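Visitor: pasting the sequence and the predicted model now:
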Amino acid sequence: MRRGTLFVLGLIVVLAISAWYIDFNPGNHGLNIGFLGYSNDLKVHEGLDLQGGIELLYQAQCPSTKTTCDVAGSIQATIDNITTRINHGLGVSEAVVTYQKDPTSNNYYIMVQLPGQRDDKQATALIGTTGSLVFIDTGGNYLPVGTTVNLAQYKGKTPFTGNDLDPNSIQVSFTTTGQPQIDFQMQGAARSAFATYTQQNIGQYLTVVLDSSVIESAVIQSQITGQGEISGSMTLQQAQDTASILRYGALPLQLNQVSERQIDATLGAQAIRQSEIAAIIGLGLVVFFMIFYYRLPGLVATMALILYAGLVFAVIKLLGAVLTLAGIAGLILSIGMAVDANVLIFERIKEELRSGRSLSAAIEHGWDRAWPSIRDSNASTIITCLILWYVGNNFSATVIVGFAVNLLIGVATSLFTAVVVTRSLLSLFLMPFRGNLPGWLIGLPTEAITSPTYRRRQPAARPAATAALAGGRGTMAVDDEATQTEDEGE
């Protein structure tokens with residue numbers, strides 16, 4: 001056995017062990033690679049259709065402070081802001097935020113899907129809050145927390161806004177009495193301006209208003225040159241949500257909630273069970289056909305298919321891909337596609353054996369001649385997956401994205417297992433039969449393989465003949481049988 005084959009077999013063993021660890025995650029330790037900064041809990045991230053959650057629909061329009069604005073130009077910035085709030089505020093890393101335009105009314109709608117989320121009040125408070133923060137100079141007047149403020153009445157008395165805050169300084173801490181508060185600092189020119197303002201207005205009320213609602217109205221007790229605090233009757237969750245809103249800025253557009261839908265996970269559980277049944281049936285039929293028709297090579301292909309399934313699941317976990325019902329359909333479809341390359345290779349090998357080649361030569365030539373078809377067919381599928389992924393991302397068709405991503409992972413992995421795994425295992429398992437290979441073992445009639453040595457089919461035997469070349473003193477004779485023997489030796 002060649003050294004290269006031994007190396008590939010060792011690589012296959014390492015990949016199989018790695019896939020087993022990632023798929024089953026013994027001890028639930030996850031995967032942490034400190035020097036690369038990589039951390040993965042190795043859990044399956046299920047989509048909204050599998051684990052349930054909340055689906056919110058908002059209409060995006062110009063803020064109340066602007067009569068006209070570019071809604072279409074601000075829609076993507078709004079989506080990015082919402083996504084950041086969700087990821088850091090709610091901790092839902094698999095959230096899907098998309099938009100669509102109503103062709104009839106030309107209104108823009110933003111749909112937010114939060115898999116696994118159950119607290120609709122927290123979600124709507126965090127997402128639907130525009131995040132427009134202003135500091136109002138109310139002089140000697142105290143405004144109770146929760147008071148709705150008409151900002152037009154305080155025109156010229158809003159010296160600072162949320163844009164003056166340093167986002168890196170915003171965090172939640174606790175007062176001496178254990179109440180949560182939000183720490184902040186100003187940035188740029190606002191830092192010195194805020195220090196001057198607080199020095200000149202000691203004893204006056206500075207009211208903090210978030211989306212026209214008072215969150216704090218406090219007396220300025222001293223000059224603030226560094227860190228300031230926003231406190232009040234807030235719970236810890238409210239303080240964290242408010243800090244997230246302030247940290248990532250105001251939404252460019254105003255969102256008005258249109259609908260809210262709670263999706264039960266029962267549908268997802270049923271879909272998973274049916275998908276498992278479909279996968280088992282599909283895999284079983286493929287295995288039966290391969291072993292029944294191709295015998296030992298079919299058994300080798302089955303082993304490669306099992307490794308393929310483990311590698312696909314491991315890649316999905318490592319990439320953190322969200323598994324949706326459409327994605328499961330793509331994986332099940334890739335099971336059948338995974339054996340396409342094996343069928344091409346095995347048929348080419350059988351043709352080479354019928355022509356009289358030795359087993360090792362048949363494997364080598366069969367793979368070489370099957371490779372162009374394998375390459376082109378998989379390349380076309382991969383290109384199709386990339387097109388589906390692009391269309392799904394740019395036209396808010398998340399179902400297409402899940403299908404395309406999982407099918408792409410399956411096709412790429414199946415290409416590796418067919419080209420590398422199947423070929424190496426086939427050489428390993430057929431090696432003991434090099435001297436005497438029964439035809440039935442690879443799905444051929446016994447008489448189809450007359451000898452394991454390299455032979456070409458020869459035409460009917462002809463009587464020996466000589467050809468004389470006249471000239472000079474003698475003749476040159478060429479024996480046909482000797483020539484044929486030399487050809488066979490080559």
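Guide: All right, it came through fine.

Visitor: what is the burial count for Gln254?
Guide: When neighbours are counted by other C-beta atoms under 10 Å, Gln254 registers 22. Every C-beta, even on glycine, is put in place using the N, C-alpha and C of the backbone.

Visitor: that one: what's it in contact with?
Guide: 60-64, 130 (C-beta atoms under 8 Å, 6 or more residues apart in numbering).

Visitor: and if you look at Leu305?
Guide: 283, 286-287, 290, 335, 338-339, 417.

Visitor: rerun that using 7 Å as the cut-off
Guide: Counting by C-beta atoms under 7 Å, 6 or more residues apart in numbering, Leu305 makes contact with 338-339.

Visitor: that one: helix or strand, and which one exactly?
Guide: Assessed by DSSP states H and E, Leu305 sits inside helix 296-319.

Visitor: in that helix, what's buried?
Guide: Across helix 296-319, burial judged by 16 or more other C-beta atoms under 10 Å covers 296-298, 300-305, 307-317.

Visitor: tally of neighbours for the residue nearest to Trp389 when sequence neighbours are not counted?
Guide: In space, and not counting its chain neighbours, Trp389 is closest to Ala404: 4.2 Å by C-beta to C-beta, 6 or more residues apart in numbering. Ala404 has 24 neighbouring residues, counting by other C-beta under 10 Å.

Visitor: and the contacts of the helix or strand hosting Ala404?
Guide: Secondary structure assigned from DSSP H and E places Ala404 in helix 398-416. Helix 398-416 is contacted from outside by 47, 96, 98, 308, 311-312, 315-316, 321-322, 324, 326-327, 329-331, 333-334, 337-338, 341, 378, 381-382, 385, 388-389, 391-393, using C-beta under 7 Å, 6+ apart.

Visitor: if you set the cut-off to 8 Å instead, what comes out?
Guide: 47, 96, 98, 113, 308, 311-312, 315-316, 319, 321-331, 333-335, 337-338, 340-341, 374, 378, 381-382, 385-386, 388-389, 391-393.

Visitor: counting neighbours, show which residues of it come out buried.
Guide: 398, 400-415.

Visitor: tell me the most packed of the contacts of Gln254, by neighbour count.
Guide: In the contacts of Gln254, the most neighbours by other C-beta under 10 Å go to Ala60, 22 neighbours.

Visitor: residue contacts, it?
Guide: Contacts of Ala60 (C-beta under 8 Å, 6+ apart): 71, 74-75, 78, 99, 107-110, 253-255.

Visitor: buried ones among the residues you listed?
Guide: 71, 74-75, 78, 99, 108-110, 253-255.

Visitor: now those as JSON lines including secondary structure and distance to Ile202?
Guide: Formatted as JSON lines, these follow (DSSP: H, G, I helix; E, B strand; the rest coil; distance: C-beta to C-beta, whole Å):
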{"residue": "Val71", "secondary structure": "helix", "distance to Ile202": "43"}
{"residue": "Ser74", "secondary structure": "helix", "distance to Ile202": "40"}
{"residue": "Ile75", "secondary structure": "helix", "distance to Ile202": "44"}
{"residue": "Thr78", "secondary structure": "helix", "distance to Ile202": "39"}
{"residue": "Tyr99", "secondary structure": "strand", "distance to Ile202": "47"}
{"residue": "Tyr108", "secondary structure": "strand", "distance to Ile202": "46"}
{"residue": "Tyr109", "secondary structure": "strand", "distance to Ile202": "48"}
{"residue": "Ile110", "secondary structure": "strand", "distance to Ile202": "44"}
{"residue": "Leu253", "secondary structure": "coil", "distance to Ile202": "38"}
{"residue": "Gln254", "secondary structure": "strand", "distance to Ile202": "36"}
{"residue": "Leu255", "secondary structure": "strand", "distance to Ile202": "39"}
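
Visitor: JSON lines please, covering the residues you listed and showing distance to Gln237 and pLDDT.
Guide: Output for those, formatted as JSON lines (distance: C-beta to C-beta, whole Å; pLDDT from 0 to 100):
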{"residue": "Val71", "distance to Gln237": "31", "pLDDT": "86"}
{"residue": "Ser74", "distance to Gln237": "29", "pLDDT": "84"}
{"residue": "Ile75", "distance to Gln237": "29", "pLDDT": "86"}
{"residue": "Thr78", "distance to Gln237": "24", "pLDDT": "84"}
{"residue": "Tyr99", "distance to Gln237": "28", "pLDDT": "85"}
{"residue": "Tyr108", "distance to Gln237": "30", "pLDDT": "90"}
{"residue": "Tyr109", "distance to Gln237": "28", "pLDDT": "91"}
{"residue": "Ile110", "distance to Gln237": "23", "pLDDT": "89"}
{"residue": "Leu253", "distance to Gln237": "25", "pLDDT": "83"}
{"residue": "Gln254", "distance to Gln237": "24", "pLDDT": "83"}
{"residue": "Leu255", "distance to Gln237": "20", "pLDDT": "85"}
